[in-house]
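[1] Got a sequence here, can you model it:
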Amino acid sequence: MEQREITLIDSSNRPITLTARFADTPRKRAAGYQFLCPDDVTGTTILFAFEGDTRTLFHMRNVKLSLDILFFQEDGRLLSATTMDPVEDRLYGPGGKFRYALEAPSGFLASLGLDRSAKKQDWRLVISDQGLRQ
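    Model prediction:
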């Protein structure tokens, strides 16, 4: 997967720049972290980018460790965030339409300061090369 820079803007308006693998085709989105050994997952993020708003669900089949996932709206506002455990028959989604999903190894949310009590609606995603702005 191609890698691109993305920026998360936290609730204090602090930019956090990351390099993410970009899953922007059906084939790349279907692959995600499947079949990767835990060492290949550590320190990486994958941004799932959809052409339009979607209601799709995510699974953990063939994924060996827990992942954090953040769901963003078209304008970059954070819709929801959760941790997905490697339980093969469980499905995860934000409960509404979203445009982007960012996956990372479990603990990623906490390392950014985004915990269950954070004001999620104040977090934003910026992808400059796709025209998504703060």
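
[2] which secondary structure element contains the residue at minimal distance from the centre of the chain?
    Nearest to the mean C-alpha position of the chain, by C-alpha atoms, centre = their mean, lies residue 102 at 0.9 Å. Assessed by DSSP states H and E, residue 102 sits inside strand 98-105.

[3] Same check on residue 30?
    helix 26-31.

[4] just residue 70 next, same as before
    Per DSSP H and E, residue 70 falls inside strand 67-72.

[5] Please work out which helix or strand belonging to the protein has the smallest mean pLDDT.
    Lowest mean confidence among the helices and strands of the chain (mean pLDDT, DSSP states H and E): helix 38-41, at a mean of 69.

[6] Remind me what it packs against, helices and strands.
    Of the remaining helices and strands, none touches helix 38-41 by 3 or more C-beta pairs under 8 Å, 6 or more residues apart in numbering; DSSP states H and E. Yep, even glycine has a C-beta here, placed from its N, CA and C like the rest.

[7] The helix or strand following that helix to strand 67-72, inter-axis angle?
    Once helix 38-41 ends, the next helix or strand along the chain (criterion: DSSP H and E) is strand 46-54. In terms of direction (axes from the mean of the first three to the mean of the last three C-alpha atoms, to 10 degrees), strand 46-54 departs from strand 67-72 by 40 degrees.

[8] Tell me the strands beside whichever helix or strand comes after strand 46-54, with direction?
    Per DSSP H and E, the first helix or strand lying C-terminal to strand 46-54 is strand 58-59. Sheet pairing of strand 58-59 (DSSP bridges) gives strand 91-92 (antiparallel).

[9] What average pLDDT does the partner strand get?
    Mean per-residue pLDDT for strand 91-92: 94.

[10] Any stretches of this protein with poor pLDDT?
    41, 115-121, 129-134 (pLDDT under 70).

[11] sorry, back to before: what's the angle between the strand holding residue 102 and strand 46-54?
    Going by the same axes, to 10 degrees, strand 98-105 makes 160 degrees with strand 46-54.

[12] Output the contacting helices and strands for the helix or strand following strand 98-105.
    Next helix or strand after strand 98-105 toward the C-terminus (DSSP H and E): helix 108-112. Judged by 3+ C-beta pairs under 8 Å, 6+ apart, the packing partners of helix 108-112 are strand 67-72.
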